[in-house]
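Visitor: Task: produce atomic coordinates for the following.
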Amino acid sequence: MLGTYPVRNAWLSPPEWATLPALATDGANAHGGGTPAGGRVPSPVLLGGRFLVREALRHSNRGGVYRALDRHYGDRRTVAKEARPHIDARPDGIDARDHLHNEYRTLTVLEPLGIAVRPVDLFEHQGHLFLAEEEVPGTTLYRWARERELGEPGRGLAAGQVLPTARRLVELVAAVHDKGLVIRDFAPSNVMVTPDGDPLLIDTEFVAAVAEPVTGVGTPGFTAPEVCLGSDRTSPATSAADLYGLGATLFHLCTGFVPLLPEDRPGTTRAVAPRSHDERVRQLVTAASADSPALAVLAPLITRLMREDPEERPAPAEARDALHAPPAQPTAAGKPRCRVPVDAGRLLTDGWDQLVAALDPSSDRAPWPVPATCPAVGPRERPGLPPVAVGYRNRSRAD
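Guide: Residues are numbered from 1 along each chain as shown. This next block holds a predicted model:
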């Protein structure tokens, strides 16, 4: 019994051992599986009188995502996205439904270009808004790159394995910009790769016109530094932010990793000035290039696309030229590749400083906050060592 879990369906599907009130039991019997033995046969879910739900892909407060068959066109396979009213609401009245409306408009504009999934229908069902799109075979670029990189353990992908997809990604971004649009959240998780290797845009709900006032959205690691995530402040949408996302996506394509740039905090033991954004990107790319032949080739372009100053990022046409005439491999075959020199002294002192700070529950660098009910415990002193929080050991043991 303990090993039985609820089944994820598009309807209420409690486990067999769950005892439900009569009203909930009637709803479960009427709408789906997971009912007790002898219950009525589940009735199908038909959205908008047209789309027969086959499977629930995701549930969230905003709405679900479902696989469905289009009964009007020979049971064509589609994906139906749901937007509930008043979710993600803003003071100006915009909510999740407006984002879904925007996604439908964007897909309609991009449909003739063949660079995004095709829209099928936008409709309401029981007060919720739904967008039906064609179901595209393939996988996200995020997973696709990870799987290819894991298939080359210890060697990394060669430039020839990466360049065709990299060129298609540049063409995709250029095509959107030619329409006067900004993607705003260009990341591997928002690109689908078909079995033929063609990248297609998905989740285009945040696409906006150039210079349109927008709030900051994005995916960590792929968002330009000038974009303020988590803020209600508006700023004009710019194509330069997409170029940063393109550079970060090319980094992921080569390595399978997300180019996160945490805040650079110098240690307190040695006075070391924090590095600039561009220096951190350069060192990250250089270090990762040691194990990635493809990244070693694309490194000059990626570091330029990920510049902190938007004006210094190359336009798609320049990126296209760089990929069609890539520089020669910077390291000779068979020779050991140089790694980024490590400041061993700073590594030790900064590491010790971070460790001690993390041991203090009241520090903003602690890995988790102090529970409200945790009694105050004073630090103890050890000869030659910084103060250490006693409460840390007791709390971790209780956890």
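Visitor: Next, the contact list for the closest residue to residue 229 other than its chain neighbours, please.
Guide: In this structure, residue 229 finds its nearest non-sequential neighbour in residue 216, 4.9 Å apart by Cβ to Cβ, 6 or more residues apart in numbering. C-beta: built from backbone N, CA, C; applies to glycine. Contacts for residue 216 (Cβ atoms under 8 Å, 6 or more residues apart in numbering) come out as 223, 227, 228, 229, 230, 231, 233, 235.
Visitor: so where's the chain uncertain?
Guide: Applying pLDDT under 70 to the chain flags residues 1-12, 20-42, 152-154, 230, 265-272, 326-344, 346-347, 363-399.
Visitor: quick one, helices of it?
Guide: 22-31, 96-110, 141-150, 159-178, 239-255, 277-289, 293-305, 316-324, 344-359, 391-398 (DSSP state H).
Visitor: just these: most buried one?
Guide: helix 239-255 (a mean of 26; mean count of other Cβ atoms under 10 Å).
Visitor: Show me how far it is from its chain's centre.
Guide: 12 Å (Cα atoms, centre = their mean, to the nearest Å).
Visitor: So which elements touch it?
Guide: Packing partners of helix 239-255 (3 or more Cβ pairs under 8 Å, 6 or more residues apart in numbering; DSSP states H and E): helix 141-150, helix 159-178, strand 181-182, helix 277-289, helix 293-305, helix 316-324.
Visitor: strands paired with the shortest one, and their directions?
Guide: To tie it back to what came earlier, the one meant is strand 181-182. In the sheet, strand 181-182 lines up against strand 208-209 (antiparallel) (DSSP bridges).
Visitor: circling back: okay if I get the helices and strands packed on helix 239-255 as a markdown table plus distance to residue 105?
Guide: Output for the helices and strands packed on helix 239-255, formatted as a markdown table (distance: least, Cβ to Cβ, whole Å):
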| stretch | distance to residue 105 |
| --- | --- |
| helix 141-150 | 24 |
| helix 159-178 | 14 |
| strand 181-182 | 10 |
| helix 277-289 | 34 |
| helix 293-305 | 28 |
| helix 316-324 | 23 |
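Visitor: among these, which is nearest residue 118?
Guide: Among the helices and strands packed on helix 239-255, helix 159-178 comes nearest to residue 118, with 15.2 Å by Cβ to Cβ.
Visitor: who wins for proximity to residue 70 among the helices of the chain?
Guide: Checking the helices of the chain against residue 70 by Cβ to Cβ gives helix 96-110 as the closest, at 15.7 Å.
Visitor: sorry, back to before: could I get the helices of the chain in CSV, plus columns for distance to residue 82?
Guide: Shown next, in CSV, are those (distance: least, Cβ to Cβ, whole Å):
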stretch, distance to residue 82
helix 22-31, 15
helix 96-110, 8
helix 141-150, 23
helix 159-178, 25
helix 239-255, 26
helix 277-289, 38
helix 293-305, 35
helix 316-324, 34
helix 344-359, 41
helix 391-398, 41
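Visitor: Out of the helices and strands packed on helix 239-255, flag the one nearest residue 257.
Guide: helix 277-289 (7.0 Å).
Visitor: ok so, going back, can you say which of the helices of the chain is nearest to residue 76?
Guide: Ranking the helices of the chain by proximity to residue 76 (Cβ to Cβ) places helix 96-110 first, at 16.0 Å.
Visitor: Give me the angle between that closest one and helix 159-178.
Guide: 100 degrees (axes from the mean of the first three to the mean of the last three Cα atoms, to 10 degrees).
Visitor: And helix 96-110, what does it pack against?
Guide: strand 76-83, strand 119-125, strand 128-134.
Visitor: Please identify which of the ones you listed is closest to residue 315.
Guide: With Cβ to Cβ as the criterion, residue 315 lies closest to strand 119-125 of these, at 28.9 Å.
Visitor: buried set for the closest one?
Guide: Going by neighbour count (16 or more other Cβ atoms under 10 Å), the buried part of strand 119-125 is 119, 120, 121, 122, 123, 125.
Visitor: Just give me the closest of these to residue 279.
Guide: Nearest to residue 279 out of those is residue 119 (Cβ to Cβ; 43.3 Å).
Visitor: contacting residues for that closest one?
Guide: Contact criterion Cβ under 8 Å, 6+ apart gives 104, 107, 108, 111, 131, 132, 133 as the residues in contact with residue 119.
Visitor: now with 6 Å?
Guide: Contacts for residue 119 were tallied using Cβ atoms under 6 Å, 6 or more residues apart in numbering; they are 104, 107, 108, 133.
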